[in-house]
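K.L.:
got a predicted structure plus its sequence, pasted below:
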Amino acid sequence: MSTATAVEGEGGRLAVAALRSVGVDTLFTLSGGHIFSVLHAAAQDGMRIIDVRHEQTAVFAAEALAKLTRRPGVALLTAGPGVTNGISALATAQANGSPLVLLAGRASQRRWGSGSLQEFDHVPLVAPVTKRAGTVTRTDAIAAAVQEAAATAATPHRGPVFLDIPIDVMHRQASVRLPAPASVSADPGDPEETARAAEIVATARRPVLVAGGDVWWGGAWDALRRCVEALRVPTFMNGQGRGCLPPGHELAFARTRDALKEADAVVVVGTPLDFRLSFGRFPAARIVHVVDDPGLRAAHVPTAAAPAGDLAAILDAMALWPGDRLDHNEWIGQLRERERAARHAEEAELTAEHAPVHPARIIGELRAQLDQDAVVVCDGGDFVSYAGRLLDSHRPGCWLDPGPFGCLGNGPGYAAAARLRYPDRQVVLLLGDGAFGFSASDVDTLVRHKLPVVMVVGNNGIWGLEKHPMRKLYGSDVAADLWPGRRYDLLVEALGGAGETVTRPRDIAPALRRAFASGVPYLVNVLTDPAVAYRRTAKLG
């Protein structure tokens, strides 16, 4: 039987009590008068408060903490520009299916329409990038609304929820009884649809499985392993799904994604059939799309089966399918030989000796120093694409990239959350020099809150993701140049961290060792070759 707790005080106190009841212990924020009540209550309660230099960083950090804990993360923003500054990060959370609660202040309800400071109706603006958005108009409704927001955010398919509270409503007193939060129920899915999916895989000659981020969100990595081992399916990991099958596993592949073009069955689990997967257009294959919510089933391509529900339950049911199976060992062996050859071919870039530095050489030096449980954060285009291709994730939940929305500036917020979640692990933030400019001031946040992070900038002095394709299309480029050789490490030093600039390949490894040993936010600024263009195969549209 659920129990209720009596809570009394200002609206901010009621909001904090509701957050505590659902397990929230950290708020990411940037101060503003409309949210003083919540900030005061959180401080009185002993909640950890991480204040940042730009509101987008607060929302990015809350989303990253959600990614790392698989529980709702919370950002608290002031009214008007506080909210609008966070919208790109909010849209990123929606695209990633991240359970995020964004609480915001709002101009006075009593004076609404009179032109109060930062008076702005946030809800119509944020509604398209949230699961739910609303305004709390009664103080005695705040606690229940916050609890409901957390439950909505965490219910598959997960996503961000927005609540704003007028300042006069926030500062009134109320006494409420706060119920115990409801648990999120899991739908095991349609057994017939699941059996159909398993039969397609088992009877295919060249099956391939792609595991995406929802395998991590759903805690389904062990079930994934049981499924692919039982059905003998070569498996690739996508986005947040990286590490759900360790790279040393006989069925884990990363360098042979062209197998998707040859497969006669492609099973995509927990990720959309978007540009990262050729929009699901695999002409030789029957497609199985396994999702955690029926609304996510692909509608733009035909599917042979599309089980929807709890991913762990569906994967385990597929593993236990009792029918006959074709032998996939020859197919697995072919892919393994190609995987070995592809990895061998990478060595030339990973060990390249020329200067300016080849960006792959940085990744080669970094991976030699990374622990298997290191958290890698990516914020950029061309440079971090090398990391995506060349770095292996050994454990689930250790890879943080912006996801399909592709928003730059996530890095410091994601890295701050990673350091808070894992104070004893390596945390590495990989940045393009263009991306660094989006949120460089939040190095100050890392310094003030004593959050040591190793930052590595691949500094080629251009917008590489734009310059090279534009020149290929038109023979020239526009607005694609930055300033060569900028000393971003000196900016980090000015903000209280440390760093150095590296120009020669042989100096990368010693610089990384100094960064990991420093105990402060440390930036290794590596000057890379602007003539090197990352080879892309994905189509944007």
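P.N.:
On my side now, so go ahead. Numbers count the residues shown, from 1 in each chain.
K.L.:
drop to CA atoms for contacts and neighbour counts, all remaining ones
P.N.:
Fine.
K.L.:
in the stretch 251-400 of the chain, which spans are helices?
P.N.:
For the stretch 251-400 of the chain, the helices defined by DSSP state H, counting those that start in this stretch occupy 259-262, 311-319, 329-350, 359-367, 382-390.
K.L.:
where along the stretch 401-541 of the chain do the strands fall?
P.N.:
Counting by DSSP state E, counting those that start in this stretch, the stretch 401-541 of the chain has strands at residues 427-432, 454-459, 498-502, 522-527.
K.L.:
relative to Leu311, which of those is closest?
P.N.:
strand 427-432 (28.9 Å; CA to CA).
K.L.:
let me know the average pLDDT across that closest one.
P.N.:
Mean pLDDT, computed over strand 427-432, is 98.
K.L.:
each with direction, which strands does that strand pair with?
P.N.:
Neighbouring strands of strand 427-432 in its sheet, by DSSP bridges, are strand 375-379 (parallel), strand 454-459 (parallel).
K.L.:
check the offset of the longest one from the chain's centre.
P.N.:
In other words, strand 454-459. 19 Å (CA atoms, centre = their mean, to the nearest Å).
K.L.:
quick one: that strand to helix 359-367, angle?
P.N.:
170 degrees (axes from the mean of the first three to the mean of the last three CA atoms, to 10 degrees).
K.L.:
between helix 382-390 and strand 454-459, find me the angle.
P.N.:
120 degrees.
K.L.:
got it, and the first one?
P.N.:
Here strand 375-379 runs at an angle of 140 degrees relative to helix 382-390 (the same axes, to 10 degrees).
K.L.:
who touches strand 375-379?
P.N.:
Residues outside strand 375-379 that contact it (CA atoms under 8 Å, 6 or more residues apart in numbering): 384, 398-402, 408-411, 414-415, 418, 425-432, 435-436.
K.L.:
could you do the last one as well?
P.N.:
The contact list for strand 454-459 (CA under 8 Å, 6+ apart) reads 359, 383, 427-433, 436, 484-486, 512, 515-516, 521-528.
K.L.:
pull out the buried residues from those residues.
P.N.:
Buried subset of the contacts of strand 454-459 (neighbour count, 16 or more other CA atoms under 10 Å): 359, 383, 427-433, 436, 485-486, 512, 515-516, 521-528.
K.L.:
can you verify my assumption that Val453 contacts Ala517?
P.N.:
No - judged on CA atoms under 8 Å, Val453 makes no contact with Ala517 at a distance of 10.6 Å.
K.L.:
tell me which of these two has more neighbours.
P.N.:
Neighbour count, other CA atoms under 10 Å: between Val453 and Ala517, Val453 has more, with 27 against 12.
K.L.:
skipping adjacent residues, who's closest to that one in space?
P.N.:
Residue nearest to Val453 in three dimensions, not counting chain neighbours: Pro521, with 4.7 Å by CA to CA, 6 or more residues apart in numbering.
K.L.:
phi first, then psi, for the one you found.
P.N.:
Backbone geometry at Pro521, expressed as degrees, to the nearest 10, gives phi -60, psi 120.
K.L.:
contact partners for it?
P.N.:
Here Pro521 is in contact with Val443, Leu446, Val447, Leu451, Pro452, Val453, Val454, Met455, Val492, Gly497, Ala498 (CA under 8 Å, 6+ apart).
K.L.:
tell me which of those is nearest to Trp216?
P.N.:
Val453 (23.9 Å).
K.L.:
could you find the closest non-adjacent residue to Arg196?
P.N.:
The shortest distance from Arg196 to any residue other than its chain neighbours is 6.4 Å, reached at Ala305 (CA to CA, 6+ apart).
K.L.:
that neighbour contacts Arg297, correct?
P.N.:
No - using CA under 8 Å, Ala305 is not in contact with Arg297; the gap is 9.8 Å.
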